[in-house]
Every structure is written in C-alpha cells, then in structure tokens.
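**Q** fold the following.
(3 chains)
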Amino acid sequence: MNSIVCLKQVPDTEAQIRVKPDGSDVLLQDVKFIINPYDEYGVEEALKLKEKFGQSTVTIVCLGPERCIESIRTALAMGADKAVHLDDPALDGGDAFTTARALAEQIKGMEYDIIFCGKQAIDDDAAQVGVALAEYLNIPHANLVIKVEVSADKKKVTVNRQIVGGEEVLELPLPCVLTAQKGLNEPRYASLPGIMKAKKKEVKPVKAADLKLDAARIGAAGAKSKVLKCYSPPPRTAAQIVAGESPEEKAAKLAKLLREEAKAI
Amino acid sequence: MGKGMWVFAELAETAVRKVTFEILSNVRPIADKKGEEVCAVFVGKTIPEAAADQCAAYGAHKVYIIEHDALASYTSDGYAKALADFINKQQPSIVLFGATVVGKDLSAKVAAKVNAGLATDCTAINLDDSGNFNVRRPMYAGKVYADIGFPNAPIIMASIRPNVLIPTPPDASKKAAVEKVTPEIAAGDIRVTIVETIKTAAAKVDLTEAEIIISGGRGMKEAANFKMLEEMADVIGATVGASRAAVDAGWKTVSDQVGQTGKVVSPNLYIACGISGSIQHYAGMGTSKVIVAINKDPEAPIFTKCDYGIVDDLFKIVPVMTQELKKLKAEG
Amino acid sequence: MLTTLDPLWVLIALTIFTVGMYRRYRLWMRGQKEERIEGIGQRLMDFFVYAIGHRRILKELYPGLMHLFIFCACAIPILVIAAVQVTFSTPHLFGNFFSLFLDSVGSLGLLGLCLAAYRRYILKPDRLSDTRAEDAIALVWVFAIILLGFCVEGLRLSITGETGVWAPAGYVFSALFSGARPETQVGIHKVLWRIHLFLVIGLIACTPYTKFLHVITSAINICLRKYGPPGVLRQIKDFETAETFGVSRLDELTRTQLFHLDACTRCGRCQDNCPAHLTEKPLSPKKLIQDLKAHMDEKGRVPGENGQQTEKALIGDVIEHDTIWSCTMCLNCHSQCPVFITTVDKTIEMRRNLVLMESNFPVEVQAVFKNMENNSNPWGIGRHLRGDWAKELGVKTATEGASADILLYAGCAGAFDDRYKKVSTAVVKILQKAGINFTILGAEEGCCGDSARRIGNEYLYDSLVQYNLGIFRQYGVKKILTICPHCYNALKNEYPQYGTTFEVVHHTEFFLELIKQGKISLNGSGAKMNVCYHDSCFLGRYNELYDQPRKLLTSIRGVSLVEMDRTLDRSFCCGAGGGRMWMEEHLGKRINEARTEQALEKKPDAIATACPYCLTMFEDGLKSKNVYDTVKAMDIAEYILNAMKE
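**A** Just a heads-up that it's a prediction; the model follows:
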C-alpha cells in the first residue's frame, strides 16, 4: 500500500501576513512556516494505512523553496519513509495548475496506490491542486474526505466526504487522489527518535529540468492567473456593542447585523 | 479568446442556489460592457422548468441545460466531463461558479480539463480600465486580499463566495433562450460510485466541522437552559458547544467542550452565550470568522475579542433572537 | 554471662546481615552512575541534623516524638554497649545519673512504641492504610527487647539489692520478681538476658530484609540528598546521540534514585500533603515509591524456571499513566519527606519517556506543544502580538534600542492573558512610579519553557531556551525581573544549566526592596481587609520566597493576613503546576476547588496570589463556589498598585 502525500509549506495560521509596500506581494519575513495543516492530515492517514497494511512506503512530494526541507523533515519524523523535493526557482510563481502539472510529472514515474493532498493550502486557499493533480494523472479523486477505508485487496477505497448538510460515501478505484478535510484524523506528534531518524532519510531533490516539462508550462510563465495587487484588510475594529432600549430591540438588531453586515447566517 | 460569460447554475435539490442569482446579476453589467452574452448552465438529470426563467430574471440571456441520466447525482467525473466538453465546443470567455462544495470541486476539475485560469472563493468581480476581467479574493484566511488577473488564460474561471455579491431585484418579465444539450458520457467515464448520502442534522455535525457554533458557559445556569441554544441552533443550522465551566458543571459532555483543553474550532460564526471568554476558551475559538458575545457582565474579556456583543441577560436575548432569525430565514 | 558459642551467633547474624545488605547493594547498583560527592562536610552536618537530630521528623509532633523516643531507646544502648566494648569498663563507671538517663530512654522507648501501636492500630490515619504484618512484628520485637532489658535490670537490682533510685523503671520491674527465691531470680535473669541478646542479634540479622533497613538507608539517604534549588530537573544534553530518553526501565534510574526506594519507611507524610492524592487522583508519592520498590525486588529476584524475570513494564504495569500525569510537581512531598526522598525526578523521567519516545501524552497537550513550537506560547496566539500588552504603557522595548539595567520578562500569561495583562500592567506602572529604568523584549520575547519541560518535552524546552538565550545575549541582559514564578524558577534555577549568569528577581522580592529603599510608598485606604495569601509552589517551595509576599501585603495599611491551614512549605498546590495547567482534570475532585475551599474556610475578604496559574485557578474556584462577586482574587502587584494610588 504505497502512498504519496503532497505537502506544502505555509506560514503558521497565526502568523502576521504583511503586504509589501508596493502591494505586489506579501512579505513572509520572520514568519514561522509549518506543514499545511490539511496536508498533515494526509500524512497521518498515509501512516495509518501503512500501519494497517504493512509493507508500504509513504513518500512525501513537496514543491517549494529550500526552506520547505524543514517541513519535509517534520513529515519524515512523523514516520514517512522518503521524500521528493521539487525545489527550483523556475517552478516558483506559478498557479495551482502549474504546481499540479509539475507534481503530476514527478508522480507519474513513481509507484503508488493512493495520493493524499490537503483540501486546500492555508496560504493561497485555492483548493485546486489535488483535483487538478488527479485530472493530470487521469485518476479519480474525492474532495473533503473525512474517513478513508481501503479494501483488503487494495483495489478500491471507500471514503466519507463532507457535503452540504451531511456526508457522502463514495467508492473509488485505486489509485486515486483524496483531499483531506479537518476531522479525518488527529496527526501524531513526532517522537524524538523519529526526529533524529528523519535527518537521515532520503530527500531526493528534483529540478525543473528533470521533469521534462515545457518551460512555458511551469512556474510563473505557465500561470494562468496572477496576483496583481495585495491589500491588507482594514484592521479588526473594536467590538460593535449592540445597543437598544429593550432586549427585544437588541436581539433584533443583532440578528439583522449577522445577516446583512457579517453575512454569517 | 472565446465569447460568452457563463455561470454554472447550481441546484439545491430542485431549487436554484441563491449564489447563482448573485453571480448572474453581477456579471451581467460586465457582459454588457464587453458586449457578450450571459449564459446560465445547468447540469443534471432533469432540470426543473422554472429554473431557466429564474435565471433569466436575474440577467441570463441564455440558459443551457445539459441533461443526462448519469448526471442524476453530482460526481466530479460526470459533471466535469459534461461541462468541459461543452466549454470546449462553445469556447466561452468566462465561466463562473458559486464557491460551494460542488462549485469548488467542479471548477478545479473543469479548469484542469480546459486549461483555464481559476480563482477560488472570490468576493468581487470587475473589469479594469483596459477592459480585463479581474477578481478579488481573500488569501491567508482573510489576512490579505488580492486582485487576481488572468493574463495568459484562454478561459477565465472563478468561483464566487456566496452571500457576498448583492443580487439585483429579479425581473420576471425577462426571458432567456433555453438550449438543451445532451452530453456524451460513456460507461467508464464516471469512475466514482456514490454508495450513500448521509444527511446530518445540524446538531450532529461535529464541532470541529461546524459552520456555525452556539456555545453556552457558566451563565447558562443549568443544563435545561441549553435547550434555548438548541432551538436557535435548529433555526440557523448551528452546532451547540460549551465552555469548560458548563462541562464541569455537568450541563454538557466533554465532547462539546470548546477551548484549549477541549476542541479547537474555527466556524464562520461563533456565538458565545454566558461565556466570559478566558484565554483558555479563546485559544479554542479565536480563529472563528465572526464572534458574537452575549453576556450580562460588560467587563467580561469576551467583549474585547468579539465582533458583535450584547450586554444583557442572555435568557431575554436568546429567545427573541431565535424568533428574529426564524423570520429572516423565512424571508429567504 | 556470654558463652563461647555467642561469638558464633553474632558471626552468623553478621553474615546474614552482610549477605542481605550486599543483595540490596546489588539492586541499587543496577542503576545508572551518578556523581553526587560534593560537600562532604555539609553531608555530615545533615546526618547530625536530620538523622540524629530528627529535624524534619519532628515537624509533626506526635509521630516525631514517637519516633525520637524509639530511636533513642535503640540507638543509645547500642552506643553504650559499643562504648563498653571499646573501654572495657562496665556501665557502673558512668555514674548513677547515666543509669537514670538510660532508664528514662528505655521508658520513653516503650512509650514511643505504645504511641506507635496506638497510632497505627487505633487511630489508623489514612496515610498508614498500607499496614502490613511486618509493622506489628517490628513493634513487638523492639518492645520485647526493651521490656526484657528492663526485666533483666530489675532482676539485677533485686538480686544485688541495689537501690532503685537511679533506675526507677528497672526498680518497678524488680518488683515483678521479688517473690522468687534468689536462685530462681538468677536463673530467670540468665534466661531473660539470653532471650534479650538473641532478639538483638536476630534484629541485626534481619535488618536488610525488613523495615529495620531504614535505620541504615534512611540515614544514608539524608546524606545523599541533592543540594541547590529543589526541583531543578536533570538536563538532557545528548539529543543527537542518545538512543533513549527518559526512563522506561528500572535500571535506567540512577543508583541514588534506586537507593531512595529502600530509604522509604512508608510514613506517608508525602501523601498527606499531596494535592493529587488528597483529591482522589491515582497518585500517592508513597505508593509510587513503594510500587517502584516492589518492582525493584521483583527485578532482583533470581530468574525463575524459564529464566525470565518479571515481564511487567515499568510504565503502564508498575506505574499507571494516570499516576505519571497526575503530578503537579508542587514539591510538597519533597518538602515533607523526613529523609529527603524525591519523586518528581522519577516522574519527570517517565514523562520524558512517554513524550519523547512514545509521543504518548494527554491529547490536549499536543496543541500546547505545537503552539509553543510555532508561536512560543501555549495558547498559540501569534507571536508578533506578544508585545502588544505594553503598547499603551510607554515602555521601551529592547528592539527599539532602549537599554536598561533591568529586563522585565512578561511571560506568556503577562503578555497574552487578558486577566494577567492587568497584572503585568500593574507591575509596569509600579516600576514607572518608582522611577526604575527597565525595558521589555516585546514581540521578541519567547516562552520560558517551564510547562514544556515539566510535561516532559525536554527537546521543545531546549529549543525555547536556545531562542531566549540568543535574545538575552543579543541585548546583553544582566538582570531579569519576572512576574510569573514559573518563568522565575526556569530563568533563575534552570537556565544556569546552559551557563547563564544573569540575575533573576521576582516582582515580590523586587517590590519589597523598593519599599525598603523608599522608592515606593504605600498608603492604602486603611480599610480593614483580611487577605488570604496563597503560596505559589514555584515561589515558595521552589525558591523559598515565603516572607517577601507576606511583608508586601502587610505593608499595605489595613491589610491583615489570614493563613490557611496548609501554608508556607505545606502550601497546597493550586493544581496547575507540572504542566497540569494545560491538561484536563478528569479524575477526582478539582484541586483548585479544594484549595479555594481551604481559603474560604478562613473567611477572607480577598485572596492574594503571585502567580498567573494560581490566579486563574483561584478565580475559577471562586466562580464554581459562587463567591466570585464577593471574594476577589488578585495578584500582589495589583494590591501594591492600588495602595500606591490612594
């Protein structure tokens, strides 16, 4: 039961994201980077499958700059066996589809039964790579997966995925791509021997040239959507205390605000 | 670049989702400027008759109805094939989706199939001064907003966040041309089998996955009072949670506990009733998009962390709010 | 009266004794090597003060005196006999007063044994609930030795017709035999004397095998105690090379740690003061030590038929997980143990094993670890916000280039917790009013790592320390003022393991000094207020700051202190130490509620603490007791600032 987990390194959920003065991009200096939390669910699920089936390899595939090695090592410390790091400036500045294309090229030559991605990365929040990867590999996918059950013969997988107002149970033939949603599992905390062992595990560096992709289809050159300008939203204002003569009036006002201003209901 | 601005029209059971109308009425002025047609595209087994007229009322010039027996339920494989084939044939300039569970899934797959540029979860669409179509979308969980352009895209796609764009009032007098399309879907095209669809009552949705959470704390005074929160939860499809104090008191179970040592949640809306908002609680819900506090103590720390607050007796506020929300829901 | 065979009996007894002691020795030596030789002179002093002098034993009057009586009745005659052997003189030469002295010692010994029996079998305090047959046998044995001693003395008086003035107890016993004929008396004397002798020889022989062992081990254990600030945990230095971390097998404990197990006499003072035990959690320090001892005995057994020793795992079988996680590391058991046995050093090693090797810890802790890793605070609030608490206060940060004599270290609670921000703000205002030149680190400050360390994640602790040391070095920090006692203890006592030399003061120490120097003057409204001060474990037992906070409070006009029954070095933990702040308390009664009740018994007008955890625990406790609106809990800094305002 060989799994591949696509992993992205992202700024910590609590990190301060500032915009460059010219608005061309965000500033990521002094930011703590972590494994994209949804990808981490994927790592955990792959490790669970390995524990269940034995005789398995869990391979991390990560596209991103040099700093990503830290997150790759974290996944290896959790128990993944090896990693491939697509680290090349030529791959930077792309969109989800150039990323998925590069990942697909890399993964094509690998042995796998199942691929895990996060349902989205918490930096660009695009939620596209997993689906596009499946399309490029010409295998099916299931999004927003919260439960995974691989059949004993390793031929198919039954998943529960989140849909509006409930869950959908799907059966997919293997290999396939599953994108992990919160609730799938609770990722483990790497043990210290795991951390030490991870330092010695194989991380294969891959350059753009190795992928044999047309230069026009990768990185910034291949991107079909581009960030034109970034803005910081207005700072969170102090709480709006809903005033009113009576509890009834306050309640009515609040309900209206939630609906019309906050658009939360 | 092709012509035509399409909107994937999404159905919830048999009714057209509101987001479809929001997109239709907002893309119409853009299409008018560019001199293109706005088309609503339905995909399914049988599309209700009234759906096309509704779309027309919100600005669609044309309604495509792609119908096939294999499209009775949504599958990525089936819907994406049907839609992508038709896009390849018609070559629209823009295809827009609602950023719903279906819309996000379908848009990503179709975009990959037809080599489109795609922006997810957009909160604004517009034309820049040179007539290029742009969108605005939040990134980094809303810490940054970005304007996105599509300089190299043969087809532009975007999914639009529901409840953000304001729909124009519908004009029932408008009619649209309806064209039925029969897609080619072969036996092996849909590789995924739907085994079962489980409808979960909102109350059963796990706290960590809930979109709206109403939590009660020490101020709830006793277990029976949580019924009040459950009633409100039923109205707005929320899950009921609790602070540690309420769990300690035995009013709710440990699995309902939100906070540092309980569940860490980040719903779109978090309503804290009778919760003072200690840092231990905040650590479990601080990333919620909108935080509402109802507490009679104006000094409670929760009021420094919330977006909306009511300083009053929750036992007076909550029942009235439930009624008000019911009314708003009824208005649709 | 000795026969030629007697030296043989003594020799046999000594052989049995030696074999027994050697077997114990072999068990202890299964442990890891450990250097503990510093301060020979001090150790000798300790022997006289704590072993002979009973200093800690006498902290509790009844059991203290009881033990002292028995101790003297055993030790002094042995010394006398030894002296006789050396000087070849008979006791007569010591004079009549000495005879009277010995007589009294023996009588008190009997009294002590009666007190002990009364306590163990009639009073039956909870901490002696594990009474075994051995305990009765030991009591009867020693009682018999002393009793027979008196009988022999009485007979001697009766036979020789000496006056009983200098041996009143012996004289009483002589009455027992006065009816018998002189020859009979001589005969009885001979028999009783021999029984007395054999009981003594037998006692020597069985010492290593029974609770009498404590006479030797407890005394030695006192001399083996660790010096320096108590509660400092062993540093792990070899993350890169070590194969295992913490302790999962008995022989991974050190020799001294194994020796501890034999030094325990099951007196139970530890569990009588253990916040976990007293709130029905599955942890009693005594049981922990005794379970380890039983395991050591099992491990020491000669392999059975299949050549296998016990299959029990140290963690899980011998010591339950819940036992390991229940400890608040309050150090009360350390403070109360008369013979300096420690438990936290063992608990932490088991936690380390669970955390570092197995990633096995209460689920809620994982988020804490990750939050500390990513944002250097347990709540996971963005680290860039760490300096925001002081933004409105006009405090210069080191980042802005401000230099000052003192660095105010806010700590995670002082920086992020809305409630405790009021305390850190109060500290700043007091310092400003006193004209102190100080700076803060703002967003550059990091978590001190205390909780990470005490939960057992030394690796995370190490990384937090390394970060802080870098910052301290960058700004040339020489003196740090802390608000939280946990930061205080870590920076003051544990960071020196990394070679730090900066001075660390707690705000209660510092403010008292400012008052003495006249830099701040307290007025207070003078309104009468009974304030109940709760000792934070990390200020009190960890750092012996008992007086400073109290003096600060009483220097406020109108404030009088009320003390809880469990106070000073017996202070009851709030429940949040040892990383418990970040774990759910699923078992037993809540410790903070128990402590709040103890305070409320004294009907105080307000409660004072000097620790963010204690404050949180008390406020929660007051809320659940529904007195939050009438009894306020505040940090001492808040009391001081209020008194300065008026």
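**Q** going forward, measure contacts and count neighbours with C-alpha atoms only.
**A** Noted.
**Q** can I take it that C:Pro282 is in a strand?
**A** No - counting by DSSP: H, G, I helix; E, B strand; the rest coil, C:Pro282 falls outside a strand, being coil.
**Q** flag every buried residue along stretch A:82-98.
**A** Across stretch A:82-98, burial judged by 16 or more other CA atoms under 10 Å in any protein chain shown covers A:82-88, A:91-98.
**Q** mind listing which of those are in strands?
**A** Among the buried residues of stretch A:82-98, DSSP state E puts A:82-86 in strands.
**Q** tell me the one of the residues you listed nearest chain C?
**A** A:Lys82 (20.4 Å; CA to the nearest CA).
**Q** mind listing what the residue lying closest to C:Leu147 once chain neighbours are set aside touches?
**A** What sits nearest to C:Leu147 in space, not counting adjacent residues and going by CA to CA, 6 or more residues apart in numbering or on different chains, is C:Leu110, at 7.7 Å. C:Leu110 makes contact with C:69-70, C:143, C:146-147, according to CA atoms under 8 Å, 6 or more residues apart in numbering or on different chains.
**Q** between those residues, which sits nearest C:Ile159?
**A** C:Ile159 lies nearest to C:Leu147 out of these, by CA to CA, at 18.1 Å.
**Q** domain assignment for chain C?
**A** C:40-223, C:250-300+C:310-357, C:364-515, C:522-645 (automatic domain parsing).
**Q** how much space between the residue nearest to C:Leu147 and chain B?
**A** 52 Å (CA to the nearest CA, to the nearest Å).
**Q** chain C contacts on the stretch 151-265 of chain A?
**A** With the criterion set to CA under 8 Å from any CA of the partner chain, the stretch 151-265 of chain A comes near chain C through A:188-193, A:196.
**Q** please apply the same query to the stretch 1-150 of chain A.
**A** A:12, A:14-16, A:32-34.
**Q** phi, psi of the residue of the stretch 151-300 of chain C found nearest chain B?
**A** The stretch 151-300 of chain C approaches chain B most closely through C:Thr279 (15.6 Å), counting by CA to the nearest CA. Backbone dihedrals for C:Thr279, given as degrees, to the nearest 10, come out at phi -110, psi 30.
**Q** what distance do you get for it to C:Arg590?
**A** 7 Å (CA to CA, to the nearest Å).
**Q** these two: which is more packed in?
**A** The neighbour comparison of C:Thr279 against C:Arg590 (other CA atoms under 10 Å in any protein chain shown) goes to C:Arg590, with 22 against 17.
**Q** isn't the more buried one right up against C:Leu278?
**A** No - here C:Arg590 does not reach C:Leu278: they are 10.1 Å apart, not a contact under CA atoms under 8 Å.
**Q** residues in contact with whichever residue of the stretch 1-150 of chain B sits closest to chain C?
**A** Residue nearest to chain C within the stretch 1-150 of chain B: B:Lys143 (12.6 Å; CA to the nearest CA). Contact criterion CA under 8 Å, 6+ apart gives A:17, A:232-233 as the residues in contact with B:Lys143.
**Q** buried among those residues? Make that a ChimeraX selection.
**A** For the buried members of the contacts of B:Lys143, the matching ChimeraX selection, counting by 16+ other CA under 10 Å, is:
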select /A:17,232
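**Q** what's the closest of the contacts of B:Lys143 to chain C?
**A** Distance ranking of those against chain C, using CA to the nearest CA, places A:Ile17 first at 10.3 Å.
**Q** quick one: name the residues of the stretch 51-200 of chain A near chain B.
**A** So far as CA under 8 Å from any CA goes, the stretch 51-200 of chain A lies against chain B at A:97, A:122-129, A:131-132, A:135-136, A:140-141, A:143, A:163-173, A:182-183.
**Q** mind listing which of those residues are in helices?
**A** The members of those that map onto helices under DSSP state H are A:97, A:129, A:131-132, A:135-136.
**Q** where along the stretch 151-265 of chain A do the strands fall?
**A** A:156-163, A:166-173, A:176-180, A:203-206, A:226-231, A:240-241 (DSSP state E, counting those that start in this stretch).
**Q** distance check, the spatially most distant residue from the centre of chain B against B:Lys174.
**A** Distance from the centre of chain B peaks at B:Ala249, with 36.0 Å (CA atoms, centre = their mean). Separation of B:Ala249 from B:Lys174 (CA to CA) stands at 60 Å.
**Q** related to what we said a few turns ago, turn the strands of the stretch 151-265 of chain A into CSV, including mean neighbour count and mean pLDDT.
**A** Formatted as CSV, the strands of the stretch 151-265 of chain A follow (neighbours: other CA atoms under 10 Å in any protein chain shown; pLDDT from 0 to 100):
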stretch, mean neighbour count, mean pLDDT
strand A:156-163, 22, 95
strand A:166-173, 20, 94
strand A:176-180, 27, 98
strand A:203-206, 16, 97
strand A:226-231, 20, 94
strand A:240-241, 17, 92
